[in-house]
Every structure is written in C-alpha cells, then in structure tokens.
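In: let's see this in three dimensions:
(one chain, ligands or ions: 1)
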Amino acid sequence: MIEVNNLVKVYRSKKKEIVGVNNVSLNVKEGEIYGIIGYSGAGKSSLIRCLNLLEKPTSGHVKIDGVDLTTLKGDGLRKARLKIGMIFQHFHLVSSKTVYENIAFALKAAGKTKAKANKRVLELLDLVDLTDKKDQYPAQLSGGQKQRVGIARALANNPKVLLCDEATSALDPSTTKSILNLLKDINKKLGLTIVLITHEMEVVKEICHKIAVMQNGEVIEEGEVYEIFSNPKKPLTRDFINSILQFDLPEQLIEKRKGTIIKIQFKGEIAEESVVSELFQRYQVKGNILHGKIEYIQDTPLGIFIMELTGEASEVKKAIDYITSKTRSLEVVHDAA
Ligand SMILES: Nc1ncnc2c1ncn2[C@@H]1O[C@H](COP(=O)(O)OP(=O)(O)OP(=O)(O)O)[C@@H](O)[C@H]1O
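Out: Okay, the predicted model is just below:
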C-alpha cells in the first residue's frame, strides 16, 4: 500500500544543511498498523510529512496505492491526498467552528453536496462516539474528544491511509488508551492502513503490527512488533523496550550474586508452560527468581525471567541446556560460580 524508496529530506538554509531523513526505504502493507519510533530529532516528523508531501522530499519516491506522489503536482496531488488522512498531536481544529462544522469542512473542500456531507458527518460522529457534542466548539472539549474530532475529519473522505503524527502525545494515559482503541477499531472495521509516529514504546506495544526504529534520520531496525520485542538487535531498540518492560536488572544487583544468573525468554505458547517448575523437578539445582513477568504484546504472551541458579556445576549446565532446548532463548548474564 505504501512504498518508500531511498527517501531523503535535507533542510537547507544559508548557513548549513540538516539531514532530516537519510535514505529511508520501507513498505507498509494494506491494513497494517505501522509504527515509527525514535527520540526527538530522529526524523520521524520529517518522514511522515513526506508521505503525503506536506514536506517535499529532496530525493527518493513515495508510492501510495500504486501512485508515485513525488511525480504529482496541483490537482493530481490534491486528488491523491484525498486518499491520505492525517491527525496531529495538537489536533489542528478550527476554533471558530463547531465539531460538526470542523468535519463538514473537509467534505466541502472535497466538493461534496450539503446533503451528502450531512449524512457523512453524522456517520462519522457516530463512529467516533461524539454525536452528542456536534454543536460544541473545540474549546469546550477534552483533549481526547478533540482528537476524536481530528480522527473523524481525517476519515471524512474515506481515505485508504491514516497518518498519525504523535496523535496521543498530548493526552493522559487513559485517554491515550481510548484513542488507541478507536484507531484499532477503525483499522479492523474499515481495513484502513495506519502509519503512526511516536516516541512511546507503549503505543507501539498496544496497537502496531510492525515497527521501524529511527535514529539520525535512518531506519536502524524494522520488523514485526513481537519479533522486535522478543529479539531486539540494536541498543536503541533495547532502550525503548526496557523503558516499558524493564527486562534488564541493574548491574550492581547482578554483581553481588554468587551463582549463575540467566535470563530466559518464553515466547508465545511456551510462556504459559511450566518450564521453570519442571526444571527443579529434573535437576539438582536451586533457583532464585530475581525478576519475572509475562507481558502481552497485543494478544501474544512474552515471558521474561531472570534467575540465579546454584548447585553442582554439571547440574547447572544440564539445567541450562534443558531450558535452552525448551525456549531457544537463554542468556547467561553473569557467572560467579
Ligand atoms: N523545517 C525544518 N528546517 C530545518 N531543519 C528541520 C526542519 N524540520 C526538522 N528539521 C531538522 O531535521 C531533523 C529531524 O527532525 P524531525 O522533526 O523530523 O524529528 P522528530 O523525530 O520528529 O523529532 P520531534 O519528535 O522532536 O519532532 C532535526 O535535526 C530537526 O532539527
């Protein structure tokens, strides 16, 4: 649905050049929720704004639904943009217009008749659960309600793609959750492809199918969300995951231990099996669980245990081999034995 090839965005001023996006290529499939995560300045906004040509790429191509936007201008570009809705961190609503008028405006701009626009606005208000607020002004709404108006407006012309620019960053955690649930619903109900940028791994964990991690304008890691969470390759990706799951113990806690410290990861079905309890029945080892949790990445469990094993060296080794064979993911974090 979205193909980005060798995209570069350079900002030029008299004094210097700043590279916002550095040779990014990625593919987003139809119906996918695709998250782009990175710290401030990584290039996320530059990239997402190049997807609908709010920013003109310096070089490279952006194809949406088979159409290369970088070759379009004027009316052609305006038409192609109708397929792409966008929502923003600070909502960008027109303060002098009511909720109804904010949404109707997008339909009017696309040339819809009053009757057609009216029918569509009412449908959209129902979809985002704001029918009772239709005559209120943005100043009378909460942040979450404002973002719901933003979503309704973005969906007005039945786009195939929705771009979300830090759409929940200005919201509190429970409102964030309700907006993410709404996006998830829309994705399922309408088969809408969603690209979102965020600096919060929680957002990615809640709703994304795929994720790209950005640093210095580049995508440094990309893949299925569950795979990235269970097997991050880059230190930055690990940092983002640790920011919400805390899968690593502080060094000083580990160094004080006298046994063999292992970190075990249980993926999917195995997370629910009793590998740990079987371990103690089979081998003469003692285990001291230092840390353990099962997280759900959307609906799939990912279990992490950090454990200190003590006992005869040969038994500890057998225990480690056993867990490795069961989980295929064991890391000896520290071995003082
Ligand atoms: N209009 C602009 N003119 C000049 N430089 C810009 C412009 N927009 C972004 N940049 C620069 O491009 C780089 C990437 O910025 P960008 O806003 O895309 O990052 P970001 O990951 O979205 O960060 P944030 O979350 O803080 O918005 C930064 O170095 C930034 O200073």
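In: what about the lowest-mean-pLDDT helix or strand in the chain, distance to the chain center?
Out: Within the chain, no helix or strand scores below helix 251-255, which has a mean of 75 by mean pLDDT, DSSP states H and E. Averaged C-alpha coordinates place helix 251-255 at 32 Å from its chain's average position (C-alpha atoms, centre = their mean, to the nearest Å).
In: what's whichever helix or strand comes after that helix packed up against?
Out: Later in the chain than helix 251-255, the nearest helix or strand by DSSP states H and E is strand 260-267. Applying 3 or more C-beta pairs under 8 Å, 6 or more residues apart in numbering; DSSP states H and E, we find strand 260-267 packed against helix 225-230, helix 275-282, strand 300-311, helix 313-327, strand 330-335. C-beta coordinates here come from the backbone N, C-alpha and C atoms, glycine included.
In: for Ile254, which of these is the nearest?
Out: Nearest to Ile254 among the helices and strands packed on strand 260-267 is strand 330-335; the distance by C-beta to C-beta comes to 4.8 Å.
In: which elements pack onto that closest one?
Out: Helices and strands touching strand 330-335, by 3+ C-beta pairs under 8 Å, 6+ apart, are helix 251-255, strand 260-267, helix 313-327.
In: quick one: residues in contact with that strand.
Out: 249, 254-255, 257, 260-265, 306, 320, 323-324 (C-beta atoms under 8 Å, 6 or more residues apart in numbering).
In: strands of this structure, start to end?
Out: 2-12, 17-28, 33-37, 59-64, 67-68, 84-88, 161-165, 193-198, 210-215, 218-224, 260-267, 285-297, 300-311, 330-335 (DSSP state E).
In: now the second one, how far from the chain's geometric center?
Out: To tie it back to what came earlier, the one meant is strand 17-28. 18 Å.
In: show me where pLDDT drops low in this structure?
Out: 247, 269-273, 328, 337 (pLDDT under 70).
In: what does it put close to the ligand?
Out: Tyr11, Ile18, Gly20, Gly38, Ser40, Gly41, Ala42, Gly43, Lys44, Ser45, Ser46, His199 (C-beta under 6 Å from any ligand atom).
In: could the residues you listed be laid out in CSV, adding neighbour count?
Out: Output for these, formatted as CSV (neighbours: other C-beta atoms under 10 Å):
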residue, neighbour count
Tyr11, 12
Ile18, 13
Gly20, 22
Gly38, 24
Ser40, 7
Gly41, 14
Ala42, 24
Gly43, 25
Lys44, 25
Ser45, 20
Ser46, 26
His199, 15
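In: could you flag which of the contacts of strand 330-335 are buried?
Out: Leu249, Ile254, Arg257, Thr260, Ile261, Ile262, Lys263, Ile264, Gln265, Ile306, Ile320, Ile323 (16 or more other C-beta atoms under 10 Å).
In: which of the contacts of strand 330-335 sit farthest apart?
Out: Glu255 and Thr324 (23.9 Å).
In: list the residues that contact Ala106.
Out: Under the criterion of C-beta under 8 Å, 6+ apart, the contact list for Ala106 reads Arg153, Ala154, Ala156, Asn157.
In: my guess is the first one contacts Tyr100. True?
Out: No. The criterion here is C-beta atoms under 8 Å, and Arg153 misses it with Tyr100 at 10.8 Å.
In: so which of those two has more stuff around it?
Out: Between Arg153 and Tyr100, counted using other C-beta atoms under 10 Å, Arg153 has the larger neighbour count: 26 against 22.
In: what about that one, distance to the ligand?
Out: From Arg153 across to the ligand, the span is 22 Å (C-beta to the nearest ligand atom, to the nearest Å).
In: which residues does that residue contact?
Out: Arg153 sits next to Gly85, Leu93, Asn102, Ile103, Phe105, Ala106, Leu124 when contact means C-beta under 8 Å, 6+ apart.
In: please consider this matter closed, and thank you.
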